[in-house]
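> coordinates only, sequence not included:
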């Protein structure tokens with residue numbers, strides 16, 4: 001199992017802390033760890049994607065969530081799905097990262113809503129839909145940037161590996 005996806009997910013939390021403090025339109029918060037775990041899943045395999053999503057979600061649960069395990073379950077499922085899709089999708093530089101950012105955020109928030117409803121929490125999809133739509137659009141716009149950053153990490157890693 002490769003180590004770089006987990007390092008990228010951990011480093012994405014630094015970016016998350018910096019971006020959330022500055023930008024949060026209409027209550028929608030970008031989810032950079034979700035994007036990092038999705039792209040790690042696309043570029044590796046389903047197991048690594050699921051574990052990267054689990055780590056990203058668990059970090060979010062421990063740092064900022066009332067329901068421990070909610071984000072871990074939803075992000076792990078999204079990472080697993082992205083890892084399975086990565087076997088069949090050619091990852092270009094813009095269209096796939098844009099689409100993955102939108103779909104992954106929509107799927108992750110929908111799964112979190114379903115888990116909350118099954119747990120008996122009184123949340124309304126009608127109230128959350130504008131925030132989910134805005135966060136999906138926001139992550140879609142951030143998707144190509146995060147994908148390019150991960151590509152840079154992978155390229156630097158391969159250069160360093162060749163020099164050793």
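Sure thing, it's come through. Worth saying up front: this structure is predicted, and the values here are computed from it rather than measured. Numbering: from 1, shown residues only.

> for the chain, what spans make up the strands?
Assigned by DSSP state E, the strands in the chain number zero.

> Tell me where it is predicted with low confidence.
Applying pLDDT under 70 to the chain flags residues 1, 21, 25-27, 91-92, 153-161, 163-164.

> could you pull out the helices for it?
Counting by DSSP state H, the segments of the chain that form helices are 4-22, 32-43, 46-64, 70-86, 95-118, 125-163.

> May I see those arranged in TSV, with mean neighbour count as well?
For the C-beta atoms, the positions are set from N, CA and C on the backbone; glycine is no exception. Listed next are those as TSV, based on neighbours: other Cβ atoms under 10 Å:
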stretch	mean neighbour count
helix 4-22	17
helix 32-43	29
helix 46-64	21
helix 70-86	24
helix 95-118	20
helix 125-163	15
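
> so how far is residue 84 from the most centrally placed residue in the chain?
The structure's the chain has its C-alpha centroid closest to residue 34; by Cα atoms, centre = their mean the separation is 1.2 Å. From residue 34 across to residue 84, the span is 17 Å (Cβ to Cβ, to the nearest Å).

> Please name the residues that touch the closest residue to residue 143 other than its chain neighbours.
Spatial nearest neighbour of residue 143, excluding adjacent residues (Cβ to Cβ, 6 or more residues apart in numbering): residue 101 at 2.9 Å. For residue 101, the contacting residues are 35, 38, 136, 139, 140, 141, 142, 143, 144, 146, by Cβ atoms under 8 Å, 6 or more residues apart in numbering.

> cool, and residue 54?
Residue 54 makes contacts with 72, 75, 76, 79, as judged by Cβ under 8 Å, 6+ apart.

> repeat that for 7 Å
Taking Cβ atoms under 7 Å, 6 or more residues apart in numbering, we find residue 54 in contact with 72, 75, 76.

> surely the last one meets residue 57?
Yes. Taking Cβ atoms under 7 Å as the definition, residue 76 is a contact partner of residue 57 at 6.2 Å.
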